[in-house]
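[1] Model the structure of this input:
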Amino acid sequence: MIPSHFAHRNAPSKLVFGDGCLAQLKAELAELSISRPILVAGRRTAASTVYRNTIQALSGLDLAECTGMPEHSPIGEVARLRDLARNHAADGFIAVGGGSASDACKAAALWLAEDRDLETCATRFTPPADLFVPRLDAPKLPIVAIPTTLSAAEVAPGGSVRTEDGRKLILVDFKLASRLIVIDPAASTEVPAHVFLASGMNGLAHCIEGLYSKVQTPVTAALALYAMGLFMQALPAVAADPSSAAARGKALMAAHLSGLALLNARTCIHHAACHVLGAVAGISHGDANSIILPHAMAFNSVDPVAASDMAACAMALGASSATAQAAIDRVRWLQEQIGVRRRLRDTGMSRNLLPEVAAKVMGEKGLYVNPRTVSSAAQVQEMLEAAW
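    From the prediction side, this is the model:
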């Protein structure tokens, strides 16, 4: 059903896709007037062929490097990146690898531009329905992304950083969406299959949550449904042959489409829980996504509108019947097929942390667009206990 009223925004991004397309990176940067970039990557990515190829493609440019970015983009590391960019007089950022590099670039670009306490730049939610979105008017340095995982962080207009006291600051500004995205399928083959596949569950969650989000549009629905089908083809293919650049390329394209859906539809209780599990328990975002997704779907399936949306999901996921339960069953089938984690207890986190996680989820903005009203931390803890 097409809503009677909706608004849909598109980010000013350019996508370059194909084997070997990294070679044209320097020419693409010239279109954006970037000549003094900061190159940002995590420890594993900085030791990879794709990183070396990126350095080679940027030969002749005055670049600085910020490597070793930890998962969840800790605020202290983001401050280090901000200061490096300021001292280098950077005119752009290049994120290579996964979502933490992209999120760090967004946070640093925002911090540089707004020039105030990063806490005051964060979107905040107070239950049951109070969402505070700060004005972030300053122009931001352009961000270029070379993704090698399936988080789609490079497409999204916002990201998160982990505070020293174990919270996630959610930073949203359409000016932070990557201006250029370079997807070279072969560049992702060094990413371990288990990391790549877990990040695929993140991308799939974008699609499913985007489809039942209160702010989905007909455009986001079309993107999400098509991307689901690609994920269901690509992820088992990567599990069967991790060296297949073709399978990884299809998965990367699915992730990109999931990010385009996320630009407008936004994520719900699933990502809210995953953010907090990362901040409090240090669980990788991919593992958290893999584990929580079917439980978040079950939580929302009691809402009639969400159940109807999940019925559409079921068919896109390859189910033989159009029901919410069939969609959940297909997600569980995929978990088993690709060997991702399915229980919180297998991550090494303490069960004693579940009440703290549940309480902090209540402050996550994903609850604002969740189809089912979340009225208490007890509801969240029940979902987490089911995932234990």
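
[2] what's near enough to touch residue 196?
    The contact partners of residue 196, by CB atoms under 8 Å, 6 or more residues apart in numbering, come to 149-150, 188, 238, 242, 248, 251. From N, CA and C alone the C-beta is placed, and that goes for glycine too.

[3] Could I get these in TSV, plus columns for secondary structure?
    Converted to TSV, those look like this (DSSP: H, G, I helix; E, B strand; the rest coil):
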residue	secondary structure
149	coil
150	coil
188	helix
238	helix
242	coil
248	helix
251	helix
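
[4] most neighbours, which of these?
    residue 150 (36 neighbours; other CB atoms under 10 Å).

[5] how near is residue 233 to residue 147?
    Relative to residue 147, residue 233 is positioned 19 Å away (CB to CB, to the nearest Å).

[6] The two: which has the busier surroundings?
    Neighbour count, other CB under 10 Å: between residue 233 and residue 147, residue 147 has more, with 29 against 14.

[7] Name whatever forms a beta bridge with the more buried one.
    residue 97 (DSSP bridges).

[8] And the pLDDT at it?
    Residue 147 is assigned 95 on the pLDDT scale.

[9] Correct me if wrong: it contacts residue 97.
    Yes - using CB atoms under 8 Å, residue 147 makes contact with residue 97 at a distance of 7.4 Å.

[10] and the closest residue to residue 98 other than its chain neighbours, what does it touch?
    Nearest non-adjacent residue to residue 98, counting by CB to CB, 6 or more residues apart in numbering: residue 149, 4.1 Å away. Residue 149 is in contact with 97-99, 188, 191, 195-196, 199, 255, 286, counting by CB under 8 Å, 6+ apart.

[11] could you redo those as CSV and give each row distance to residue 58?
    CSV is the format used below for the contacts of residue 149 (distance: CB to CB, whole Å):
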residue, distance to residue 58
97, 16
98, 20
99, 22
188, 19
191, 21
195, 25
196, 25
199, 25
255, 24
286, 28
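
[12] from those residues, which single one is nearest residue 129?
    residue 99 (28.1 Å; CB to CB).

[13] From residue 4, how far off is the residue nearest to residue 98?
    According to CB to CB, residue 149 and residue 4 sit 38 Å apart.

[14] Residue 386 now?
    36 Å.

[15] which one of the two has more residues nearby?
    Legend: neighbour count by other CB under 10 Å for residue 386 and residue 4, higher for residue 386 (13 against 5).
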